[in-house]
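A.B. asks: Structure for the following, please:
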Amino acid sequence: MSELTTRIHLNSFVPRPYQLGICQAFEERKYRKFLDIEPRRAGKDYKWWSLIIREAIQIPGLYLYCLPTFAQARSVIWDGKTNDGKSFLDKIPPELISKISNDTMTIHLVNSSIIKLIGSD
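C.D. replies: Numbering: from 1, shown residues only. Okay, here's the model as predicted:
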């Protein structure tokens, strides 16, 4: 990873009280797989998007964010906004992004990580 001269803050995501357990288990690598069942408007997409960004920055790899359809991945994450009105893509610090492909919904980070949105269809 290239040396960054600025300090990156990834603290824009603050888990809600009921999200603390799963966020802590994910960051402490207690499990390899997660099944997250929560009601609508519980912040699932924002939570997992934030966790994936943190993981992609720490460990280079391919990170697939899967929604039921490709169109839903585009509308919910790629074009979507959080409750504070900011784009999901804006949650990734710009100095960490080396390339974005709008057609394939792929983000290449400076540490060689790739975050790709896909549909399970």
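
A.B. asks: Give me the neighbour count for Thr69.
C.D. replies: Residues within reach of Thr69, counting by other Cβ atoms under 10 Å, total 13. The way it works is simple: take the backbone N, C-alpha and C, and place the C-beta from them, glycine included.

A.B. asks: for Leu64, same thing?
C.D. replies: Neighbours of Leu64 using other Cβ under 10 Å come to 10.

A.B. asks: Does it fall in a helix, a strand, or a coil region?
C.D. replies: strand (DSSP: H, G, I helix; E, B strand; the rest coil).

A.B. asks: Report the beta-bridge partner residues of it.
C.D. replies: Lys116 (DSSP bridges).

A.B. asks: Assess the claim that it and Ile118 are in contact.
C.D. replies: Yes - shown here, Leu64 and Ile118 form a contact pair, counting by Cβ atoms under 8 Å, at 5.5 Å.

A.B. asks: for this protein, what spans make up the helices?
C.D. replies: Here the chain has its helices, by DSSP state H, at 20-27, 44-58, 70-73.

A.B. asks: Can you tell me which of the ones you listed is packed in deepest?
C.D. replies: Ranked by mean neighbour count, these are led by helix 44-58 with a mean of 18 (mean count of other Cβ atoms under 10 Å).

A.B. asks: Report the angle between it and helix 20-27.
C.D. replies: 30 degrees (axes from the mean of the first three to the mean of the last three Cα atoms, to 10 degrees).

A.B. asks: Now do helix 44-58, average pLDDT.
C.D. replies: Mean per-residue pLDDT for helix 44-58: 92.

A.B. asks: do the same with stretch 23-36
C.D. replies: 89.
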